[in-house]
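1. With the sequence up front, the predicted model follows.
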Amino acid sequence: MYSRLKMITRFDKIYGCFILLLLSCFIVSNAIAADKIGAVAAVIGTVSIERNGEVVKVKPGSAVFENDKILTGKSSRAQVLLMDQTAINIGQKAELVLDKFVFNSEDDEVALKVTKGTFRFISGKVATKTPEKVNVETPVATIGVRGTEFVGQIGSVDTTVALLNGRIEVANDISTQFVTNPGFGVTIDPTSGVISPPVKIPQAELEAVLNSVSTDRDALLEEEIEGGPGPDDEGGPGPDDEGWPLVPMTRAALVPMTRAVLVPMTKAALAR
């Protein structure tokens, strides 16, 4: 009788440990799921994520989390959609860090960091509700978002930020500039930190930058054919050298990424 009770007790302990393990897995799983802040909606070429010291391969629909660093290789592009419909496109050899994302709370905030490459940013619901809580940081300045769409390119010679819609504040410890006219932009000197007054960006250059972050494959093919090899190759400068890439804009890439287009894309990507 005693041995039978002992066996039952041992079984209960083992069963209890098993249930505790399952519960722990369930809690961890829920915590991970709760931390999801968006998804990679489009991938062209080589795209990866650095997460917790590991490199994760990316495909369309892959979840993204706070502190993820998204990297693109040569001739590669990616589009990231966050839960509030914020959209970020990055071109080849770019690095995007998702520093902070809080949505549907009293402390909504979007904080991103682009450390390399060319990017396009379209603000979402957090910017509509609390625009002062949305910022994009670069190595030379922070861009304050005010219900905005803009593009930027980070180079060793200078960094350029151009407004497409809304208004932006570009600031660092040296100076601050407001850009309120679409098609205008500023240049930041990486050595002095001086931000130039807003000037109109030539249409050909603006279209070239839009083309360099487009996830349209025809635009990428055209860039590869006409742009030539990149700076890491032999054979001279390419479309990702310092300065804005001067490649023609395809008709498909000219289609504006409006919120009406982004909403169904966001729902489809984030539902995966």
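-> That came through fine.
2. use CA for all of it now, contacts and neighbours both
-> Will do.
3. Which residues does the residue lying closest to Ile195 once chain neighbours are set aside form beta bridges with?
-> Spatial nearest neighbour of Ile195, excluding adjacent residues (CA to CA, 6 or more residues apart in numbering): Ile188 at 4.5 Å. Beta-bridge partners for Ile188, by DSSP bridges, are Thr159, Ile195.
4. so Ile188 sits right up against Val194, yeah?
-> Yes: assessed by CA atoms under 8 Å, Ile188 is found in contact with Val194 at 5.7 Å.
5. neighbour count winner among these two?
-> Taking neighbours as other CA atoms under 10 Å, Ile188 and Val194 compare with Ile188 leading, 23 against 18.
6. which residues does that one contact?
-> 140-141, 158-160, 194-196 (CA atoms under 8 Å, 6 or more residues apart in numbering).
7. pLDDT-wise, what's the bottom of these?
-> Model confidence across the contacts of Ile188 bottoms out at Asp158, which has 91.
8. excluding its backbone neighbours, what's nearest it?
-> Looking at Asp158 with CA to CA, 6+ apart, the closest residue is Asp189, at 5.1 Å.
9. what about the strands in the stretch 151-272 of the chain?
-> Remark: strands assigned in the stretch 151-272 of the chain by DSSP state E, counting those that start in this stretch are 159-165, 168-171, 176-179, 184-188, 199-200.
10. Tell me which of those approaches Val134 most closely.
-> Closest to Val134 of the strands of the stretch 151-272 of the chain is strand 168-171 (CA to CA; 10.6 Å).
11. That closest one packs against which elements?
-> strand 142-145, strand 176-179 (3 or more CA pairs under 8 Å, 6 or more residues apart in numbering; DSSP states H and E).
12. and the gap between Gly45 and Leu112?
-> 23 Å (CA to CA, to the nearest Å).
13. right, and Leu96 touches Glu66 too?
-> No: in this structure, Leu96 is not within contact of Glu66 by CA under 8 Å, at 11.5 Å.
14. Give me the more crowded residue out of those two.
-> Using other CA under 10 Å, the more surrounded residue of Leu96 and Glu66 is Leu96, with 27 against 18.
15. Return the residues in contact with that one.
-> 69-71, 90, 112-116.
16. 10 Å instead?
-> Contacts of Leu96 were listed using CA atoms under 10 Å, 6 or more residues apart in numbering, and they are 49, 67-72, 80, 88-90, 112-119, 136-138.
17. Which stretches in the stretch 51-200 of the chain count as helices?
-> 125-129 (DSSP state H, counting those that start in this stretch).
18. just to revisit the earlier point, tell me which of the helices and strands packed on strand 168-171 sits most buried.
-> strand 142-145 (a mean of 23; mean count of other CA atoms under 10 Å).
19. Can you list the strands that it pairs with?
-> strand 134-137 (antiparallel), strand 168-171 (antiparallel).
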